[in-house]
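> predicted model and sequence follow; I will ask about them next.
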Amino acid sequence: MSEILVLGAGMVGVSTGLALQARGHDVTIIERGVPGRETSYGNAGLIQTEAVEPYAMPLAPWALTQIALGRGYDVKWNLSGLLSQVGAVANYAWNSLPAGHKRATVVWGKMIRQSTDRHAPLVEAAGAGNLIRKDGYIEVHRTPARMEKARKAAARFLEQFGVEARLMDGRELRALEPSVKIEVEGATHWRDAWACSDPGGLVASYAALFEKQGGRIVNGDAGDLHREGAGWKADEYTGEHAVVALGPWSPMLLQRYGLKVPMVFKRGYHRHYHMDVPPNHPIADFGNSVVLSPMRRGLRIATAAELTSHPRLTPPQLRHGEKAARELFDIGSPVEAEPWTGRRPCMPDMLPVIGRVPDQSNLWAHFGHGHQGFTLGPVTAEILAEEMDGGEGWAELQPSRLKR
Ligand SMILES: Cc1cc2nc3c(=O)[nH]c(=O)nc-3n(C[C@H](O)[C@H](O)[C@H](O)COP(=O)(O)OP(=O)(O)OC[C@H]3O[C@@H](n4cnc5c(N)ncnc54)[C@H](O)[C@@H]3O)c2cc1C
């Protein structure tokens, strides 16, 4: 048994605590705020076994032109936001070419397919079943061209990865989702995914489970992590080992320990809207770069990626998302005065960073889950815990790759 400090209590940090605790370690999680109130709070709530390919940067000439001209809603940027991470963005684009994307997919697919199996025992032990629906999410296709593309994608996913989806026409969609008020060409029902109606609440219940089982979550600043003998100290807490699970704040800390982390920070926004009859499933309207998730607080409209250093007060992607949502559904006024915002911690090679930090004994990395950290937390926690217990870890995920 070792004494271990885990820095950060998002989905990734709390899952790390649980995985290490299950192996008999004495774990303290240090969180400066409240567990599950940052990136792991603001997402679309999807636990996605079907997302076998990591999210590549759109590189088709038409898509790039749209992005460059600031026209589409998939990726927005401003000059300072882009310049502050230009090397990482260029590298991400390079890895999004077919060879790099294929390489990442092999590893990513292996992780993502385990996600609901890894969440299941935690949901049960935490008594959080009331937050989870296990009947998938729906991707709507408004035009025949998008429907055709979806047919090809579904066939490819089945053939290459064994992922099953149900394709529906507009009539079948309305039978499943009567609150959709316009005619659309069709939809894909990704049936194996799960949907969470309160992502922050799920992390909080995993955190409560961790404490009930003897773990400690303390309020403190992990930013002053420093050596204490052969181990580590942060705030007033010590441990033989420390795990950096600070999501988008991880690079800042690790720079001090000689690891330069080239992260792409993809900002997203969400806002809840009152709705009398919400959809039965989350609805992805990717043609409008938005996911609409029925949540406890209302219909959550979550946006795609923005490369900006500071959030906008009236983000164009959210304005557009709201317009798209109002076309599909009868929605009311916003619940909050201002939108929530957070940054997806994305690595340029689209794989999270998991394992031993080079040249630093007993310092471990666990971050960089990009678009699917809410899904992957419990999966990658197990990968890390196994390595910390003497396993080999996954070569493709090692922090040492960042030194090359
Ligand atoms: C709009 C949007 C939609 C998304 N949708 C999905 C989805 O549907 N499904 C999915 O799987 N993923 C989704 N994601 C991605 C997912 O939310 C993230 O990958 C995931 O939450 C990252 O978790 P984390 O624990 O690494 O980071 P975080 O949740 O950000 O946790 C990091 C923690 O570290 C703490 N911290 C930071 N600095 C310090 C410090 N100095 N001292 C102590 N504590 C500190 C923070 O307070 C925070 O609690 C989405 C993201 C966005 C933005």
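Cool, the structure landed.
> can you pull the contacts of residue 80?
308-309 (C-beta atoms under 8 Å, 6 or more residues apart in numbering). Backbone N, C-alpha and C define where each C-beta goes, glycine included.
> then residue 86?
Per C-beta under 8 Å, 6+ apart, neighbours of residue 86: none.
> which one's the longest helix in the chain?
Within the chain, and with DSSP state H defining each element, the longest helix by residue count is helix 144-161.
> I'd like to know which elements the helix or strand following it is packed against.
Counting by DSSP states H and E, the element after helix 144-161 in chain order, helix or strand, is strand 166-169. The contact analysis (3 or more C-beta pairs under 8 Å, 6 or more residues apart in numbering; DSSP states H and E) places strand 166-169 against helix 144-161, strand 186-190.
> contacts for the helix or strand following strand 166-169, please.
The first helix or strand that comes after strand 166-169 along the chain, using DSSP H and E, is helix 170-176. Contacts to helix 170-176, defined as C-beta under 8 Å, 6+ apart, come from residues 138, 140, 168, 180, 183-187, 189, 280-281.
> near the ligand too, which of these?
When the contacts of helix 170-176 are checked against the ligand using C-beta under 6 Å from any ligand atom, none falls in range.
> export those residues to CSV and append columns for neighbour count and pLDDT.
Output for the contacts of helix 170-176, formatted as CSV (neighbours: other C-beta atoms under 10 Å; pLDDT from 0 to 100):
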residue, neighbour count, pLDDT
138, 25, 98
140, 27, 98
168, 21, 98
180, 19, 97
183, 10, 94
184, 21, 96
185, 17, 97
186, 22, 98
187, 29, 98
189, 22, 98
280, 15, 97
281, 22, 98
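> what's the farthest-apart pair in those?
185 and 280 (20.0 Å; C-beta to C-beta).
> what are the buried residues along stretch 14-31?
Buried residues in stretch 14-31, defined by neighbour count with 16 or more other C-beta atoms under 10 Å: 14-21, 25, 27-31.
> ok, now stretch 54-63?
So stretch 54-63, judged by 16+ other C-beta under 10 Å, has buried residues 54-58.
> got it, and stretch 343-355?
By 16+ other C-beta under 10 Å, the buried positions in stretch 343-355 come out as 343-355.
> and the residue nearest to residue 220 when sequence neighbours are not counted, what does it touch?
Distances taken as C-beta to C-beta, 6 or more residues apart in numbering put residue 235 closest to residue 220, at 3.2 Å, once the chain neighbours are dropped. Residue 235 sits next to 30, 218, 220-222, 224 when contact means C-beta under 8 Å, 6+ apart.
> in three-state terms, label residue 365 for me.
strand (DSSP: H, G, I helix; E, B strand; the rest coil).
> burial count for it?
For residue 365, the count of nearby residues is 28 (other C-beta atoms under 10 Å).
> that one contacts residue 254, doesn't it?
Yes. Counting by C-beta atoms under 8 Å, residue 365 touches residue 254, with 7.0 Å between them.
> and stretch 105-123, anywhere near the ligand?
No. Stretch 105-123 stays clear of the ligand (C-beta under 6 Å from any ligand atom), getting no nearer than 8.0 Å.
> mind giving me the packing neighbours of the longest helix of the chain?
strand 137-141, strand 166-169, strand 186-190.
> including distance to residue 8, could those strands go into JSON lines?
Shown next, in JSON lines, are the helices and strands packed on helix 144-161 (distance: least, C-beta to C-beta, whole Å):
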{"stretch": "strand 137-141", "distance to residue 8": "27"}
{"stretch": "strand 166-169", "distance to residue 8": "38"}
{"stretch": "strand 186-190", "distance to residue 8": "29"}
